[in-house]
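Student: what's the 3D shape of this:
(2 chains)
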Amino acid sequence: MASIDLKGVRKVYPGNVTAIHSVDLSIEDGELVVLVGPSGCGKSTLLRMIAGLETITDGTISIGADVVNNKEPAERDIAMVFQNYALYPHMSVRQNLEYGLKNRGTPREEIDRRVAEAARVLEIAPFLDRKPRQLSGGQRQRVAMGRAIVRQPKAFLFDEPLSNLDAKLRGQMRIEIRRLQRSLKTTSVYVTHDQLEAMTLADRLVVMNGGRIEQVGKPIELYDRPASLFVAGFIGSPPMNLLPVETLAAVAGATMPTLTPGADIVGIRPDQVVLGGGDGIALSGTVELIEPVGGESHLYVRVEGIEQALILVQQGRANVGEAERIDFVLPIQALHGFNRESGRRVE
Amino acid sequence: MVENRPWLTFLTHFVLILGVIIVVFPVYIAVIAATHGPTALSSGMMPMLPGAELWNNVVQVWTEDRRGVAPFWLMAWNSLWMAIIITVGKIAISIISAYAIVYFRFPGRVLAFWLIFITLMLPVEVRIIPTFAVVANLGMLNSYVGLTLPLIASATATFLFRQFFMTIPDELMEAARVDGAGPIKFFRDILLPLSRTNIAALCVILFIYGWMQYLWPMLVTTDPKYYTLMMGVKRMAAVADADPQWNIIMAAVVMAMLPPVLIVIFMQRLFVKGLVETEK
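Tutor: Numbering: from 1, shown residues only, chains lettered A, B, ... in the order given. Below is the predicted model:
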């Protein structure tokens, strides 16, 4: 177990394509950090640089006290779980788990003990003698995790490990990874493009965009106080409503408050909008579409004068129908101000 | 194609059967000829039914010494050696070169691949004179090295392994690196076992290729000690001042045919699997 420190890490591919622009990040011992962002944001590249599968153009990566820039993946004492599991197809599950330990010259009894322990924890004991192709996706995923935990490495690196599973299994495995990581207390870096997975798993969340870190923080902090327009739009489902101040002012009339100077985009979470009356910016519009999700309903409301439809979340069942008019209020304390030019939050 | 047209079925079968007859008939003649005595064939009337002399002919082939021809067992031994060395050598060299081309970045990698690929288009016969000159200057005439070495590089096998390696996901190599397997271990523990069916299929093809070599052994061997079956059988027919003993020659031909036939029969399943299946 160890902390992981990234200082001024850059990655430039041949042809002068910069994948990572100077990233600084410290991951504490035992922490689960999730790197999240749209595809092509550099999150996988960053993970692979920590793993040693990609070279580092600039900066340093240290695991524990050692700078690992020039070390082979095996010397970094990390374990990785791949998106397509990358199990060795010709080896049984047991051989898959043992392979890394054997290569390190672990004594036989120790290997057997660790494999048995991992099989018990992951409930894969019944399949130990099967080949990977005889297993279902979820079972393969467990084996891939087993291969990581038998090694008892300094850190786990997860590269979108759940994206090949169906939605239900993904939810289950998510909980299991969380539980496992909590009990093993191994420093973990987890890459995903799924913001729900990111929110629910992370001790700390790192939102990346275009090879840069947009914001680092606890998931709820990021949700409550997104530091940039990008984070505001990326974290949260349904996404935050982002409205230009001038159009909002034109529609809101007298109820429009004075905002912090510099804020020219206003954001509000769909679940913060209050239906009916109250304090704040009073608006009214036509319900275009209702998405009943079960416990809550998502209302897409068209307000005259505003180009995009606003998304509102109503708890329980919707008490309006499509094409009906509703009144609602954007409470002032729930508003987030952003500057369009810099893309950053304005307090 | 669920149509049921009797005449079409008849026509297709007729064409197929005709094709089989055309292909099989000469082989049938050879087998029949091997079962008759010396007089039956030289009389001018080719018998169409098997005779009773097969055993005698076979014994004669194995025991009798003929002038200008090495003993049959020695030629069979030479052919076997040649085929085995070529098979093993070709597979070993091509799998290693494919490994280098697919998994390592080195200057001239693409050039190396294209050079190998281009030789695919050149059959041995095209470069046979320069090759012969090289082998002769190196003093490798009349040796197993001379028989096999010039034939041992295989563009086809390299290409086949390259294509197979490219279907193996990169993550497998990365997982092995994380698991502490270096290039040699990865090759031995993961690539080789995964290539098993491909290797088996190539064994079949290459063994037959080596066994069937005719032109090359004829050029590089003048010492009967190194004669192979394919050229030896031909030499048996070239006797001066007498009729060739066709019954004996045909018995030798049938026996020379056996190893490839047996290999195809017994390795057929592996062979098809190796070429068709992409097990990952």
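Student: what does the stretch 1-150 of chain A have sitting close to chain B?
Tutor: Residues of the stretch 1-150 of chain A found near chain B (C-beta under 8 Å from any C-beta of the partner chain) are A:51-53, A:72-74, A:78-80, A:82-84, A:86-90, A:99-100, A:103-104, A:133, A:147. Bear in mind the C-beta positions are built from the backbone N, C-alpha and C, glycine included.
Student: what are the phi and psi angles of residue A:160?
Tutor: Here is the backbone geometry of residue A:160 (degrees, to the nearest 10): phi 40, psi 60.
Student: How about the contacts made by it?
Tutor: Residue A:160 sits next to A:44, A:83, A:191, A:192, A:193 when contact means C-beta atoms under 8 Å, 6 or more residues apart in numbering or on different chains.
Student: biggest separation within these, which pair?
Tutor: Spatial extent of those (C-beta to C-beta) is set by the pair A:83 and A:193 at 10.8 Å.
Student: Are there residues contacting both of these two? Which ones?
Tutor: With C-beta under 8 Å, 6+ apart as the test, residue A:83 and residue A:193 both reach A:160, A:163.
Student: Would you tell me which one of the contacts of residue A:160 comes nearest to chain B?
Tutor: Closest approach to chain B among the contacts of residue A:160 (C-beta to the nearest C-beta): residue A:83, at 7.5 Å.
Student: Can you tell me the SS state at the closest one?
Tutor: coil (DSSP: H, G, I helix; E, B strand; the rest coil).
Student: For it, grab the count of nearby residues.
Tutor: By the criterion of other C-beta atoms under 10 Å in any protein chain shown, residue A:83 has 18 neighbours.
Student: Isn't residue B:224 up against residue B:65?
Tutor: No - here residue B:224 lies out of contact with residue B:65, judged by C-beta atoms under 8 Å, at a distance of 10.4 Å.
Student: Which one of those two is surrounded by more residues?
Tutor: Using other C-beta under 10 Å, the more surrounded residue of residue B:224 and residue B:65 is residue B:224, with 17 against 8.
Student: Ignoring the adjacent residues along the chain, who's closest to that one?
Tutor: The shortest distance from residue B:224 to any non-neighbouring residue, by C-beta to C-beta, 6 or more residues apart in numbering or on different chains, is to residue B:70 (4.0 Å).
Student: Outside of the worst-scoring helix or strand of chain B on mean pLDDT itself, list whatever touches it.
Tutor: Least confident element among the helices and strands of chain B, by mean pLDDT, DSSP states H and E: helix B:38-42 (a mean of 75). Identification of contacts with helix B:38-42 by C-beta under 8 Å, 6+ apart yields B:33, B:47, B:51, B:243, B:245, B:246, B:247, B:248.
Student: For these, point out the one with the lowest pLDDT.
Tutor: The lowest pLDDT within the contacts of helix B:38-42 belongs to residue B:243, with 74.
Student: Give me the spatial nearest neighbour of it, chain neighbours excluded.
Tutor: Once flanking residues are discounted, residue B:243 sits nearest to residue B:42: 5.3 Å by C-beta to C-beta, 6+ apart.
Student: Can you tell me how far that neighbour is from residue B:237?
Tutor: Distance of residue B:42 to residue B:237, given as C-beta to C-beta, to the nearest Å: 13 Å.
Student: likewise residue A:66?
Tutor: Taken as C-beta to C-beta, the span from residue A:66 to residue B:237 is 76 Å.
Student: What parts of chain B come near chain A?
Tutor: Listed as neighbours of chain A in chain B under the rule C-beta under 8 Å from any C-beta: B:169, B:171-172, B:174-181, B:185, B:189-190, B:193-194, B:196, B:279-280.
Student: Just give the closest residue to residue A:325, not the sequence neighbours.
Tutor: Among residues not flanking residue A:325 along the chain, residue A:286 sits closest, at 5.6 Å (C-beta to C-beta, 6+ apart).
Student: What score does that neighbour have for pLDDT?
Tutor: Here the pLDDT value assigned to residue A:286 is 92.
Student: Tell me if it really is in a strand.
Tutor: Yes - the assignment for residue A:286 by three-state DSSP puts it in a strand.
Student: count of residues packed around it?
Tutor: Neighbour tally, residue A:286, other C-beta under 10 Å: 16.
Student: so what's it bridging to?
Tutor: Assessed by DSSP bridges, residue A:286 has beta-bridge partners residue A:302, residue A:325.
Student: Can you pull the phi/psi pair for the residue of the stretch 101-250 of chain A found nearest chain B?
Tutor: As assessed by C-beta to the nearest C-beta, chain B sits closest to residue A:103 within the stretch 101-250 of chain A, at 3.8 Å. The phi/psi pair for residue A:103 (degrees, to the nearest 10) reads phi -60, psi -20.
Student: Secondary structure element holding residue B:48?
Tutor: In the assignment (DSSP states H and E), residue B:48 maps to no helix and no strand.
Student: Quick check: closest non-adjacent residue to it.
Tutor: Per C-beta to C-beta, 6+ apart, closest to residue B:48 is residue B:32, 6.7 Å.
Student: Please spell out which residues along the helix or strand harbouring that neighbour are buried.
Tutor: For residue B:32, the element it lies in under DSSP H and E is helix B:6-33. Using 16 or more other C-beta atoms under 10 Å in any protein chain shown as the test for burial, helix B:6-33 gives B:30, B:31, B:32, B:33.
Student: so what secondary structure elements neighbour that helix?
Tutor: Helix B:6-33 is packed against helix B:246-276, with contacts defined by 3 or more C-beta pairs under 8 Å, 6 or more residues apart in numbering or on different chains; DSSP states H and E.
Student: so the helix it packs on versus helix B:6-33, what angle?
Tutor: Interaxial angle, helix B:246-276 versus helix B:6-33 (axes from the mean of the first three to the mean of the last three C-alpha atoms, to 10 degrees): 130 degrees.
Student: What residues does residue A:281 make contact with?
Tutor: A:248, A:252, A:255, A:256, A:257, A:329, A:330, A:332.
Student: neighbours around the second one, how many?
Tutor: The number of residues packed near residue A:252 is 19, by other C-beta under 10 Å.
Student: Quick one: end-to-end distance for stretch A:245-260.
Tutor: 11 Å (C-alpha to C-alpha, to the nearest Å).
Student: So what touches it?
Tutor: Residues outside stretch A:245-260 that contact it (C-beta under 8 Å, 6+ apart) are A:263-266, A:280-283, A:303-307, A:332, A:335, A:337, A:346-347.
Student: residues of it that come out buried?
Tutor: Residues A:245, A:248, A:249, A:251, A:252, A:256, A:259 are the ones in stretch A:245-260 that count as buried (16+ other C-beta under 10 Å).
Student: cool, stretch A:301-319 as well?
Tutor: Neighbour-count burial for stretch A:301-319 flags A:301, A:303, A:306, A:309, A:310, A:311, A:312, A:313, A:314, A:318 (criterion: 16+ other C-beta under 10 Å).
Student: likewise stretch A:324-344?
Tutor: In stretch A:324-344, counting by 16+ other C-beta under 10 Å, buried: A:326, A:328, A:329, A:330, A:335, A:336, A:337, A:338, A:339, A:343, A:344.
Student: again, but for stretch B:66-74
Tutor: Residues B:66, B:69, B:70, B:71, B:72, B:74 are the ones in stretch B:66-74 that count as buried (16+ other C-beta under 10 Å).
Student: how about the fifth one, what does it touch?
Tutor: Residue B:72 is in contact with B:61, B:62, B:232, B:252, B:255, counting by C-beta under 8 Å, 6+ apart.
Student: Which pLDDT value goes with it?
Tutor: Note for residue B:72: predicted pLDDT of 87.
Student: quick one: it and residue A:44, what's the gap?
Tutor: 65 Å.
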